[in-house]
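Enquirer: Give me a model of this one.
(2 chains, ligands or ions: 1)
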Amino acid sequence: MAVITYREALNQALVEEMERDPDVFLMGEEVALYNGAYKVSKGLLDRFGEKRVVDTPITELGFAGVGIGAAMVGLRPVIEFMTFNFSILALDQVFNSAAKVHYMSGGQFKCPIVFRGPSGAALQLSAQHSQALESTYAHFPGLKLCTPATPADAKGLLKSAIRDDDPVVVMEGELLYALKGEVPDAEDHLVPLGVAEVKQEGRDISIITHGKMVHVALQAAARLEKDGIQAEVLDLRSLRPLDMDAVLGSVRKTNRAVYVEEGWPFVGIGAQIVGLIQEEAFDELDAPVLRVTQADVPMPYSKGLEKLAKPSIERVVAACNRALYRD
Amino acid sequence: MTDARAAETSRRVEPARRDGKRLAGLDAETLHHLLYQMLLGRRFEEKSAEAYALGKVGGFCHLYIGQEAVTVGAYSVLRPDDYVIAAYRDHVQALAKGIAPREVMAELYGRSGGCSKGKGGSMHMYSAERRFLGGWGIVGGQIPLGTGVGWAIKYRGEDRVCLCFMGEAAVNQGAFHESLNMAALWKLPVIYIVENNRFGMGTAWERASALYDIAQKGGAYDMPSATADGMDVLAVREVVGEAVERARKESVPSLIEARCYRFMGHSMSDPVHGVYRTKEQVEEAKEKDPIRIFIDRLKEAEVLSDEALKKLDERVRGEVEEAAQFAEGSPEPAPEELYRDVYAELPERGRIFFDGREEAGGAWRS
Ligand SMILES: Cc1ncc(C[n+]2csc(CCOP(=O)(O)OP(=O)(O)O)c2C)c(N)n1
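Expert: Predicted coordinates for the structure are as follows:
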C-alpha cells in the first residue's frame, strides 16, 4: 500500500474517474490553471485539457446550476466549491434543483453530480470561513453526503460518489489535506456510501463521529486507555446513507455513547444520532448519550477563543467520563 | 407616476404587423399547426381553470392565457431533439413540446398518469423523452440549469440548442446574470427567452427594474439580443429562428425579450384586475389577443376558412375533453410511490430515510 496525502488521494480519485469515463469533468473556481485553491486538482488541466477541467467566474449559484443542468442530460460533473462556506450561495441550486429533480420528474431525470470541497473549521479564519455545514446538507432527502477522514476513504468515497447516480456532497476536511495515510493500491479502490468503519474496538463506551473529528476521537480514546477505559471509535464515513446498524451494534456492545462533531449542537448530526439511538436502543443504554460539538456561537478569530469553541480531545474525554459516571 | 410610466411603456409594445408577406414563407399546413397549438393551449387552460375551480386541480395554477404566441412561435423553429427548460407557468410549454394533453392534465390532477407521475403538479411538468426539462418553481432557478444543458451540448459537440424560458421578474436575479455571463464567455448554444408579460405577481416591470429594456442587458455580456412582439406568433418565430440558427451553427447564446401580456391573474387565486391593474388596461391588452390576430391574418391571407377554423376548434375541444376524462380516470399514485424516485440509486447498506420507513419491511423499495 502506498502512503500518500489526503490531497493526493482525492487527486488520484479524480484522475482515475476522468480516465475511466469521458463524461466526468471538473468545474469550479481556480481548479484549472491555478491547480486548485487547495491543490486537489493539481495537474488535471495538463492531463485532461480545458474542456474537462474548467475555471469558472466567482458565481457559486451559477456554476452549481450549470453542473446540475449538465447532469440532467447525462454528464457527470464534479463541482468544486473553493470551500463549503461559499457553497451557501449555491444552496438554492443544490437543495431546490439537484436534490429534487429526480423526484419531481417522477424518476425521469437523474442528477449524477458531485459537489466537493474543503469544509469545517480551519485555523483562525473567523466566522465566515470556518464552519461545518454537514447538518444543513444532510437535512435534504435527495442528497447523499459523505465526509472522508483518511486518505484511503478520501479516494474510495470520492470515486463512489462520482459513480453514483444521485447528487453526492463530499465534504473534505480543510485541515486534513496534508494528512498522510495508506491507500490500497487496488485498481478499483471504492468505499461504498453507507458503510461505517470501526476505527478502534472497545467495550466500555462508543465514540461515534465523522470527518475530521475521527482523529480527535482517536486521540481521546488513547487518553482514556491510560485510565483503563476501552473506547470504541466508530467513523460513520457517510451521513446519508447512514450506517445505523453499525451505530446500534456498537451501542449494544458498550451501552454508552458520545457523539463528536464539528458542527453546532442545535439540530446537528449528533441531535439526530441521539434521537435514533434512544428510539431504537433505549433499553441498551446505561447512561444518556452525550454530545461534543462546536460552541453554539459563530467561530471567533482569537486563538484562545477559537480553541474554546472547537471540540477538543479534553472535552471528548470529559464527556466520556461523564457518560461512564466517572466524574 | 407609476401610471404614467406604465402608459408610456405600454406604447412600447409594438402592434402586430399585418403584412401578408410574413405569411408567404410558410405553407398552410404549418400555419394551421401553429394555430392548432395556440388554440390547444388556450382551451386546455380554460379547462384547467374550470377543474381548479371545482377543486380537482390543487396547489398553485398559473395560467398562460394571452402568452401562447411566445411558446408556439419559439418552439416552431426547434427540432424534436432540442431542449426546453421553463419556469412554473409551464402547461402550454409542456403541451407544445409534444407531451400529450392527457398527461399534462393528469399531472394537474396529481394522478399517476401524469407526465411527472403526479409528483410535480402544475409547476413541475417533465418529459425526458420530449427533451422537456421541466417547469421550475423558484424564480430564476432554471436559468443556470438551462445554461448547463447548453454546456452539455457543447461538451458533446452536438448541434442541438436549449431554449431557456423565464418571466421578466427573473431578470433581476443573480442567477440570470451569472448564467448569461458564463454562456457568453463559454459560447453556449442557449437562447434565453424572457416573457415580459408586464407583471411579476402584482409588481409591474417598471416598478421592479431600473432598466426597462431587457434586451439591453445582453449588452453587458456582449450577447446578441433582440426584442420580439410576443403577441405575434410569426414575429416570435422569426426572432427566435435567427437566434436558434446562430446557436446551432456558431454555438452562440442569445437573449430575447418577448413583450406580451398576461390576460389572467398571476395564479388562480389572484383576480384578473383590480389591485395592480385596471379592467380597462386588461381589456385594451386583449385587443391584441395573439390567437385572434393570428386568425384574422390567416383569413386575410386566405389560408384559413371559417369551416377549417371551426373544425380545428372542435378537434381541440375534443382533445381537451379527452384529456380531462383521462385525468379523471387515472388512478391516484400508489402509496409506495411516496418513497420512490427520491433517489435514483438506493444504497446496499445504510439508512437513507429517517422516519422509520426502512424498518417497515422495505415495501417501498422496489
Ligand atoms: C425566488 C422566488 N421568490 C419569490 C417567488 C414567489 N413568486 C412566484 S411567481 C413570482 C412572480 C414572478 O414573475 P415573473 O418571473 O415575471 O413570471 P410570470 O409570473 O410573469 O410568468 C413570485 C414573486 C418565487 N417563486 N421564487
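Enquirer: In which helix or strand does residue B:193 reside?
Expert: Using DSSP states H and E, the secondary-structure element containing residue B:193 is strand B:190-196.
Enquirer: tell me the mean pLDDT over that strand?
Expert: Across strand B:190-196, pLDDT averages out at 98.
Enquirer: now the very next helix or strand once past it: how far from the chain's centre is it?
Expert: Along the chain past strand B:190-196, the next helix or strand (assigned with DSSP H and E) turns out to be strand B:199-200. Centre-to-centre, strand B:199-200 and its host chain are 15 Å apart (CA atoms, centre = their mean, to the nearest Å).
Enquirer: partner strands of the following helix or strand past strand B:199-200, parallel or antiparallel?
Expert: Scanning forward in sequence from strand B:199-200, with DSSP H and E defining helices and strands, the next element found is strand B:203-204. Under the criterion DSSP bridges, strand B:203-204 sits next to strand B:199-200 (antiparallel) in its sheet.
Enquirer: Could I get the average pLDDT for the partner strand?
Expert: Across strand B:199-200, the per-residue pLDDT values average to 97.
Enquirer: so what's residue A:224 closest to, chain neighbours aside?
Expert: Here the nearest residue to residue A:224 in space, its sequence neighbours aside, is residue A:231; by CB to CB, 6 or more residues apart in numbering or on different chains that works out to 4.9 Å. Placement of C-beta: from N, CA and C, glycine included.
Enquirer: Who are the contact partners of that neighbour?
Expert: Counting by CB atoms under 8 Å, 6 or more residues apart in numbering or on different chains, residue A:231 makes contact with A:200, A:202, A:204-207, A:217, A:220-221, A:224-225, A:320.
Enquirer: picking up where we left off before, just checking, what packs against the strand holding residue B:193?
Expert: Using 3 or more CB pairs under 8 Å, 6 or more residues apart in numbering or on different chains; DSSP states H and E as the contact test, the elements touching strand B:190-196 are helix B:68-75, helix B:142-155, strand B:162-167, helix B:174-186, helix B:233-250, strand B:254-259.
Enquirer: Same list, the ones you listed, but as TSV with mean pLDDT please.
Expert: As requested, those are arranged in TSV below (pLDDT from 0 to 100):
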stretch	mean pLDDT
helix B:68-75	98
helix B:142-155	98
strand B:162-167	98
helix B:174-186	98
helix B:233-250	97
strand B:254-259	98
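Enquirer: okay if I get the ones you listed as JSON lines plus distance to residue B:310 and mean neighbour count?
Expert: What follows is these, written out as JSON lines (distance: least, CB to CB, whole Å; neighbours: other CB atoms under 10 Å in any protein chain shown):
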{"stretch": "helix B:68-75", "distance to residue B:310": "19", "mean neighbour count": "29"}
{"stretch": "helix B:142-155", "distance to residue B:310": "38", "mean neighbour count": "29"}
{"stretch": "strand B:162-167", "distance to residue B:310": "32", "mean neighbour count": "27"}
{"stretch": "helix B:174-186", "distance to residue B:310": "43", "mean neighbour count": "23"}
{"stretch": "helix B:233-250", "distance to residue B:310": "20", "mean neighbour count": "20"}
{"stretch": "strand B:254-259", "distance to residue B:310": "30", "mean neighbour count": "26"}
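Enquirer: Let me know which of those is the nearest to residue A:30.
Expert: Using CB to CB as the criterion, the shortest distance between residue A:30 and the helices and strands packed on strand B:190-196 is 15.6 Å, found for helix B:174-186.
Enquirer: where does the stretch 101-250 of chain B come near the ligand, residue by residue?
Expert: On the criterion CB under 6 Å from any ligand atom, the ligand has as its neighbours in the stretch 101-250 of chain B the residues B:137-139, B:167-170, B:197, B:199-201.
Enquirer: before we move on, the earlier item: got the CA coordinates for the strand holding residue B:193 in PDB?
Expert: Extracted in PDB, the C-alpha atoms of strand B:190-196 (Å, rounded to 0.1, in the frame of the first residue of the first chain):
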ATOM      1  CA  VAL B 190     -28.600  28.600 -25.200                       C
ATOM      2  CA  ILE B 191     -31.400  31.000 -26.100                       C
ATOM      3  CA  TYR B 192     -32.700  32.900 -23.100                       C
ATOM      4  CA  ILE B 193     -36.300  33.900 -23.800                       C
ATOM      5  CA  VAL B 194     -37.700  36.400 -21.400                       C
ATOM      6  CA  GLU B 195     -41.500  36.500 -21.500                       C
ATOM      7  CA  ASN B 196     -42.200  40.000 -20.400                       C
END
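Enquirer: returning to what we had before: so can I have TSV of the helices and strands packed on strand B:190-196 showing distance to chain A?
Expert: Written out in TSV, the entries for the helices and strands packed on strand B:190-196 read as follows (distance: least, CB to the nearest CB, whole Å):
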stretch	distance to chain A
helix B:68-75	18
helix B:142-155	2
strand B:162-167	8
helix B:174-186	3
helix B:233-250	15
strand B:254-259	16
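Enquirer: what's the closest of these to residue B:352?
Expert: Using CB to CB, the helices and strands packed on strand B:190-196 put helix B:142-155 closest to residue B:352, at 24.6 Å.
Enquirer: Which elements pack onto that closest one?
Expert: If you count contacts as 3+ CB pairs under 8 Å, 6+ apart, helix B:142-155 packs onto helix A:60-72, strand B:83-86, strand B:132-135, strand B:162-167, helix B:174-186, strand B:190-196.
Enquirer: how far off helix B:233-250 does that helix point, in degrees?
Expert: Per axes from the mean of the first three to the mean of the last three CA atoms, to 10 degrees, the angle that helix B:142-155 makes with helix B:233-250 is 40 degrees.
Enquirer: Between strand B:190-196 and helix B:142-155, find me the angle.
Expert: 160 degrees.
Enquirer: rewinding a little: closest to the ligand out of the residues of the stretch 101-250 of chain B next to the ligand?
Expert: Nearest to the ligand among those: residue B:167, at 2.1 Å, using CB to the nearest ligand atom.
Enquirer: I figured the closest one hits residue B:141, correct?
Expert: No - under the contact definition of CB atoms under 8 Å, residue B:167 does not touch residue B:141, with a separation of 12.0 Å.
Enquirer: ok so, going back, now flag whichever of the residues of the stretch 101-250 of chain B next to the ligand is closest to residue A:290.
Expert: Looking at those and their distance to residue A:290, the nearest is residue B:138, at 39.4 Å (CB to CB).
Enquirer: Can you tell me the closest non-neighbouring residue to that closest one?
Expert: By the measure of CB to CB, 6+ apart, the closest residue to residue B:138 outside its immediate chain neighbours is residue A:96, 5.2 Å from it.
Enquirer: before we move on, what about residue A:263?
Expert: In this structure, residue A:263 finds its nearest non-sequential neighbour in residue A:132, 4.1 Å apart by CB to CB, 6+ apart.
Enquirer: ok, how many other residues are close to that neighbour?
Expert: Here the count is done by other CB atoms under 10 Å in any protein chain shown, and residue A:132 has 28 residues near it.
Enquirer: And residue B:353, by the same measure?
Expert: Using other CB under 10 Å, the number of residues around residue B:353 comes to 16.
Enquirer: for it, phi and psi?
Expert: The phi/psi pair for residue B:353 (degrees, to the nearest 10) reads phi -110, psi 150.
Enquirer: Hmm, it is touching residue A:142, no?
Expert: No - using CB under 8 Å, residue B:353 makes no contact with residue A:142, being 10.9 Å away.
Enquirer: which neighbours do those two share?
Expert: Counting by CB under 8 Å, 6+ apart, the common neighbours of residue B:353 and residue A:142 are residue B:342.
Enquirer: Return the residues in contact with the residue in the stretch 201-350 of chain B that chain A sits nearest to.
Expert: With distances taken as CB to the nearest CB, the stretch 201-350 of chain B approaches chain A most closely at residue B:350, which sits 2.3 Å away. By CB under 8 Å, 6+ apart, residue B:350 lies in contact with A:193-195, A:238, A:241-244.
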